[in-house]
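Visitor: pasting a predicted model and its sequence here:
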Amino acid sequence: MSVACPNCGTHIEDPNTEVCPACRHRLGSGPTMDVEEDVRWCESCGSPIPAGNKACPECGMPVEGAFDEEQRERFSVRPVYDAKKEGQQEPELNSAIPPAPETGDKKVSAEERRRRNRLMLVSALAAILLVGGVSLYITRPWDPDAYKTHAMKDADTSMEGFPGEKTHLSSQDLKEEEERKALVSEMESAMNEIYARLETIANEAKESRDLLVSTGSTGSKQYLYDDAAGEQVAQMQRKLDDAKSQLEGLSLDSAQKERKEKILVLVGYLRGAVDVLANAWSAASQDAGSPDQMVRANAILRGSAGSRGFDEWYELFQNAYAS
């Protein structure tokens, strides 16, 4: 009779053996199993295989000779050998996945390598161009003001309505808006009145100048000794001074200020012409009967290299008034 090791199942011929020669398990520490002489043992786990079985009931290892070689290779697992058993070696492990069929020479030709290198180079350049183009489109280095959202020029907003957004106007807002519009209309009417007044003064100055020239050329003395002409010119000067003061006292919005500056320029041109006319009348009224009387007056009207004459001032006024 032989026994089997209760730890590893190794078949031990001598039933009196105290230590298992395979796993070194002390046989006296546990029960042993008596087995028949014709019992086969599993090559994988060492378990006894009942007679008639083609595979181990413990691990499924086929019994040697139960299958032909092809079936054994296809449907069985290789035995697990115990490296501690004397004279046994671990079997070579084989993959269950069949290897890919050989396709011949796997070497890549030089032309194929060059083609692949060119493809990789073109792909890299295309990626660089794409990323660079997107970056330029986003940053726009050629346009430094592309992402500036603030105002670039100063603007006078003192008369530009209400601050912030308004979806509707309250009664107080409507009243203030109506008052603002009324003030704007009043200032516009005042400037229109001054503008028309300048044209009247210009016509009076032109008539006075023509009167001075005509009386001097005919030798008439009735105006040369009359103070009425000189007083008329003095009134023109006072009207122009009043117009200038009135313009400077107007409370105007930004749109009206530009027109105000234009009218002030007109006042200055016309005042220059009237001042020349006043000096000419003053010269003509002095030294009655003197032959140089009208010579001095005409010289003042014509002007000199250092000062403008009446006609030059008057032409400046007409051009600016018509524009």
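Guide: In hand now; what should we look at?
Visitor: when you work out contacts or count neighbours from here on, use the C-alpha atoms and nothing else.
Guide: Noted.
Visitor: pull the number of nearby residues for residue 208.
Guide: In terms of burial, residue 208 registers 20 neighbours under the definition other Cα atoms under 10 Å.
Visitor: now the helix or strand that contains residue 129: average pLDDT?
Guide: Taking DSSP states H and E as the criterion, residue 129 maps to helix 110-139. What helix 110-139 shows for mean pLDDT is 89.
Visitor: same check, this time on stretch 294-303
Guide: Computed over stretch 294-303, the average pLDDT equals 83.
Visitor: next one: stretch 270-280
Guide: 91.
Visitor: same deal with stretch 57-77?
Guide: For stretch 57-77, the per-residue pLDDT values average out at 65.
Visitor: now do the strands in the chain.
Guide: Across the chain, reading from the start of the chain, the strands by DSSP state E fall at 2-4, 11-12, 33-35, 40-41, 48-49.
Visitor: report all helices and strands that the last one contacts.
Guide: Read that as strand 48-49. Contact partners of strand 48-49 among helices and strands, from 3 or more Cα pairs under 8 Å, 6 or more residues apart in numbering; DSSP states H and E: strand 40-41.
Visitor: ok, the strand it packs on: who's next to it in the sheet?
Guide: Applying DSSP bridges, strand 40-41 is found paired with strand 48-49 (antiparallel).
Visitor: any regions of this structure where pLDDT drops low?
Guide: Low-confidence segments of the chain (pLDDT under 70): 1, 24, 28-39, 46, 65-108, 146-173, 216-227, 287-291.
Visitor: now the helices: where do they sit in it?
Guide: Along the chain, the segments classed as helices by DSSP state H run 69-75, 110-139, 171-218, 228-248, 254-284, 293-302, 310-322.
Visitor: tabulate these (JSON lines), appending distance to residue 61.
Guide: As requested, the helices of the chain are arranged in JSON lines below (distance: least, Cα to Cα, whole Å):
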{"stretch": "helix 69-75", "distance to residue 61": "10"}
{"stretch": "helix 110-139", "distance to residue 61": "51"}
{"stretch": "helix 171-218", "distance to residue 61": "101"}
{"stretch": "helix 228-248", "distance to residue 61": "119"}
{"stretch": "helix 254-284", "distance to residue 61": "106"}
{"stretch": "helix 293-302", "distance to residue 61": "138"}
{"stretch": "helix 310-322", "distance to residue 61": "120"}
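Visitor: sorry, back to before: turn the strands of the chain into a markdown table, columns for mean neighbour count.
Guide: Shown next, in a markdown table, are the strands of the chain (neighbours: other Cα atoms under 10 Å):
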| stretch | mean neighbour count |
| --- | --- |
| strand 2-4 | 20 |
| strand 11-12 | 21 |
| strand 33-35 | 14 |
| strand 40-41 | 18 |
| strand 48-49 | 19 |
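Visitor: mind putting those strands in TSV, distance to residue 211 included?
Guide: Supplementary listing: those in TSV, determined by distance: least, Cα to Cα, whole Å:
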stretch	distance to residue 211
strand 2-4	157
strand 11-12	157
strand 33-35	160
strand 40-41	154
strand 48-49	154
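Visitor: nearest to residue 57, out of the helices of the chain?
Guide: Checking these against residue 57 by Cα to Cα gives helix 69-75 as the closest, at 15.7 Å.
Visitor: what residues of the helix holding residue 129 count as buried?
Guide: Of the residues in helix 110-139, none are scored as buried under the neighbour-count criterion (16 or more other Cα atoms under 10 Å).
Visitor: cool, stretch 252-264 as well?
Guide: Going by neighbour count (16+ other Cα under 10 Å), the buried part of stretch 252-264 is 252, 253, 260, 263, 264.
Visitor: from those residues, pick the one nearest residue 194.
Guide: Nearest to residue 194 out of the buried residues of stretch 252-264 is residue 263 (Cα to Cα; 8.2 Å).
Visitor: please name the residues that touch that closest one.
Guide: With contacts defined as Cα atoms under 8 Å, 6 or more residues apart in numbering, residue 263 is in contact with residue 195.
Visitor: any idea how far residue 53 is from it?
Guide: Look at residue 263 and residue 53: by Cα to Cα, to the nearest Å, they are 127 Å apart.
Visitor: could you do residue 184 as well?
Guide: From residue 184 over to residue 53 (counting by Cα to Cα), the distance is 119 Å.
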